[in-house]
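Asks: what's the 3D shape of this:
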Amino acid sequence: MKMAWFERTEELMNNHARTVAAIVAISGLVWRLYYSSIFYLNPDEAMHYTLAATDWHGLVGFYRHATRTYHPPLFLPVLQGMLFFGRSEWLLRLVPALAGALFPWFIMLWLQRFTSNAAALCAQLLLTFSPSLIILSTEVRAYTLAFLFFSICLLLLEEALDRGSSRCMIWCHVFLYLAILSEYCVIWFVGALGIYALLRLWKGRASRDLTMVWVLGQLLALGLYLFLYFTHVSQFSHSAVQDMYSTWLQDGIPQSHQNLLVFALKGTRRQFSYLFQVRWLAWAGVIIFPLGVLKLWKDRFPLHATLLVLPFCLACLGAILHLFPYGETRHSAILGIAIAASLGVAIASLTKKHILPILAAALPVIFIWNAIATDPSLTIPRYRRQLSDMRGAIAFLKSSVPPGSVIVTDIGTDLTLGYYLGCPDYEFESPDEPYRVHPCANWRFVVAPTFQFSGPSELRKALEQSHARYHSEQQLWAATGGFSVAVATPVSESRSFGKTIAIFTDSGSPVSSMSSR
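Replies: Purely as a prediction, here's the structure:
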């Protein structure tokens with residue numbers, strides 16, 4: 001009787017696998033929308049908002065503004081479209097949140113074409129409720145939008161190759177171009193997908209029409225990358241890039257003293273660490289991943305197995321050539337698709353392709369997983385970026401800093417305060433014009449030429465330069481912030497808003513602070 005009940009339930013689950021997947025997607029979206037409404041905008045998010053809110057003065061002006069970031073241009077017009085509906089935090093994050101909940105759905109549909117429902121749903125669960133991907137899709141960034149476009153591209157490519165459909169191949173490339181225009185990080189999966197499709201076309205003796213459509217689509221993709229390189233990537237300051245690779249992205253690029261094999265192994269392990277954010281789960285994923293690849297190979301899907309491994313090889317090679325980071329970072333988060341797909345196949349094999357055990361285990365595991373997970377290293381931890389803290393700090397700023405005061409700040413803090421004070425008139429700091437001054441609300445902000453103060457000495461230098469430049473006899477204020485803890489520790493008797501952003505008088509003693517480690 002018990003077995004009969006299990007079989008009936010399992011049959012019901014398989015017959016309505018897409019309904020179950022829709023419930024998973026909706027749950028993931030609700031989770032993301034909740035997070036989107038309780039966290040304040042970090043400096044990177046405020047930068048995207050500021051660029052989107054700026055008057056572009058036509059297509060040329062748009063591209064000029066868009067290329068002032070290290071990302072392709074597509075996300076900015078999408079974000080500007082959202083500004084027609086409002087400027088609240090959750091609304092600015094709505095597109096990334098929707099994309100973050102939807103792209104695992106399309107990965108599930110893609111996996112269903114050559115694996116079991118159990119494997120496809122397991123992969124969807126991993127991608128939907130990964131703590132790092134939840135955080136990534138609740139920020140004003142283009143990563144999950146790129147993942148969404150790429151996952152649709154994957155599904156359409158599979159459809160085109162299985163049915164020999166030129167129309168699906170054309171649409172596959174349309175979404176490929178949208179992914180390329182959204183984020184540069186998809187490049188390694190794009191390369192792997194090109195190799196996979198070429199092998200499929202050759203092995204399946206595809207029609208001439210289908211092959212020609214694919215070749216033309218690939219040439220256009222190459223042309224798009226060349227256009228982006230010559231009009232955007234080549235404009236990157238070499239010193240600025242090297243500075244990133246020697247500081248906050250140093251783990252993603254092999255250093256001069258590092259063995260390349262050791263770097264490759266550590267970098268690959270860090271991809272799992274980013275997806276899971278729990279050390280022992282990451283190591284479990286490292287162990288199980290090859291089992292999924294081997295299972296696909298044995299099930300006569302060697303090219304699909306190859307597709308799950310190739311992106312790691314290309315991404316690691318890119319890091320060795322100092323083209324892109326390969327580590328525990330959002331910049332290689334797209335590799336989570338390959339991880340989830342392989343783990344889904346392996347776990348489904350262990351459960352004999354039964355859905356019910358996977359869903360039964362997922363309910364408690366998802367909540368425990370997110371409860372014990374750490375936050376990604378390149379983000380502000382969740383408990384340090386509560387919106388209520390920011391609102392309290394802005395209220396303190398308005399009530400305690402006299403109108404007309406000069407506030408010295410860094411670029412990142414200036415962007416964030418500009419959003420919350422309602423004056424997004426920020427222009428990126430020019431090397432020829434350091435310590436420029438601009439009005440905001442009732443004060444004048446002096447912006448130091450650094451995205452974030454690295455310590456008290458850099459803050460003191462900024463205050464001294466501001467005094468000398470503007471011959472100010474009045475007492476200066478300073479606002480510091482960014483992704484790390486503020487440069488000074490608040491005194492115990494100060495009004496507490498935490499430590500991420502701090503407001504000082506020029507004596508160096510903190511007056512108040514926001515958001516704590």
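Asks: which element is A479 on?
Replies: strand 477-480 (DSSP states H and E).
Asks: residue boundaries of the helices in the stretch 401-517 of the chain?
Replies: 411-420, 456-470 (DSSP state H, counting those that start in this stretch).
Asks: rank the ones you listed by pLDDT, which is bottom?
Replies: When the helices of the stretch 401-517 of the chain are compared by mean pLDDT, helix 456-470 comes last with a mean of 80.
Asks: May I have it as PDB, with CA atoms only?
Replies: Extracted C-alpha coordinates of helix 456-470, given in PDB (Å, rounded to 0.1, in the frame of the first residue of the first chain):
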ATOM      1  CA  PRO A 456      41.900  56.800   8.200                       C
ATOM      2  CA  SER A 457      45.000  58.200   6.600                       C
ATOM      3  CA  GLU A 458      43.300  58.400   3.200                       C
ATOM      4  CA  LEU A 459      40.300  60.100   4.800                       C
ATOM      5  CA  ARG A 460      42.600  62.600   6.600                       C
ATOM      6  CA  LYS A 461      44.400  63.400   3.300                       C
ATOM      7  CA  ALA A 462      41.000  64.100   1.700                       C
ATOM      8  CA  LEU A 463      40.000  66.500   4.500                       C
ATOM      9  CA  GLU A 464      43.400  68.300   4.300                       C
ATOM     10  CA  GLN A 465      43.100  68.600   0.500                       C
ATOM     11  CA  SER A 466      39.600  69.900   0.800                       C
ATOM     12  CA  HIS A 467      40.600  72.500   3.300                       C
ATOM     13  CA  ALA A 468      43.500  73.700   1.200                       C
ATOM     14  CA  ARG A 469      41.600  73.700  -2.100                       C
ATOM     15  CA  TYR A 470      38.600  75.600  -0.900                       C
END
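Asks: and it, how far from the chain's centre?
Replies: Taking C-alpha atoms, centre = their mean, to the nearest Å, one finds the center of helix 456-470 at 34 Å from the center of the full chain.
Asks: list the buried ones in that helix?
Replies: For helix 456-470, the neighbour count (16 or more other C-beta atoms under 10 Å) marks 459, 462-463, 465-467, 470 as buried. Where C-beta positions appear, they are placed from N, C-alpha and C, glycine not excepted.
Asks: circling back to that earlier point, so what are the sheet partners of the strand holding A479 and their directions?
Replies: Applying DSSP bridges to the sheet, strand 477-480 is found paired with strand 406-409 (parallel), strand 501-505 (antiparallel).
Asks: Of all the residues in the longest one, which ones are buried?
Replies: Yep, that's strand 501-505 we're talking about. Of the residues in strand 501-505, those with enough neighbours to count as buried (16+ other C-beta under 10 Å) are 501-504.
Asks: pLDDT and distance to H322 for the residues you listed - can I get that in JSON lines?
Replies: Compiled in JSON lines, these are given as follows (pLDDT from 0 to 100; distance: C-beta to C-beta, whole Å):
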{"residue": "I501", "pLDDT": "70", "distance to H322": "33"}
{"residue": "A502", "pLDDT": "73", "distance to H322": "35"}
{"residue": "I503", "pLDDT": "73", "distance to H322": "39"}
{"residue": "F504", "pLDDT": "70", "distance to H322": "38"}
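Asks: Kindly export the strand holding A479 (C-alpha atoms) in PDB.
Replies: Taking only C-alpha atoms (Å, rounded to 0.1, in the frame of the first residue of the first chain), the coordinates of strand 477-480 have been written out as PDB:
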ATOM      1  CA  TRP A 477      32.200  67.000   7.700                       C
ATOM      2  CA  ALA A 478      33.000  63.600   6.200                       C
ATOM      3  CA  ALA A 479      30.900  60.700   5.000                       C
ATOM      4  CA  THR A 480      32.600  57.400   4.400                       C
END
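Asks: Give me the contact list for it.
Replies: The contact list for strand 477-480, computed with C-beta atoms under 8 Å, 6 or more residues apart in numbering, reads 397, 401, 405-410, 413, 417, 443, 452-453, 459, 462-463, 486-488, 501-506, 511.
Asks: Which helix or which strand is home to D55?
Replies: For D55, there is no host helix or strand (DSSP H and E).
Asks: Can you report phi and psi for it?
Replies: Main-chain torsions, D55, degrees, to the nearest 10: phi -70, psi 120.
Asks: gap between the nearest residue to it once chain neighbours are set aside and L228?
Replies: What sits nearest to D55 in space, not counting adjacent residues and going by C-beta to C-beta, 6 or more residues apart in numbering, is G61, at 7.7 Å. Going from G61 to L228 by C-beta to C-beta, to the nearest Å gives 18 Å.
Asks: related to what we said a few turns ago, can I get the helices of the stretch 401-517 of the chain in TSV with distance to Q80?
Replies: As requested, the helices of the stretch 401-517 of the chain are exported to TSV (distance: least, C-beta to C-beta, whole Å):
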stretch	distance to Q80
helix 411-420	15
helix 456-470	32
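Asks: out of those, nearest to P381?
Replies: For P381, the closest of the helices of the stretch 401-517 of the chain is helix 411-420, at 16.1 Å, according to C-beta to C-beta.
Asks: tell me what the closest one is packed against?
Replies: For helix 411-420, the contact count by 3 or more C-beta pairs under 8 Å, 6 or more residues apart in numbering; DSSP states H and E identifies helix 43-53, helix 387-400, strand 443-447, strand 477-480 as packing neighbours.
Asks: winner for burial among those?
Replies: For the helices and strands packed on helix 411-420, ranked by mean neighbour count under the definition mean count of other C-beta atoms under 10 Å, the leader is strand 477-480 at a mean of 26.
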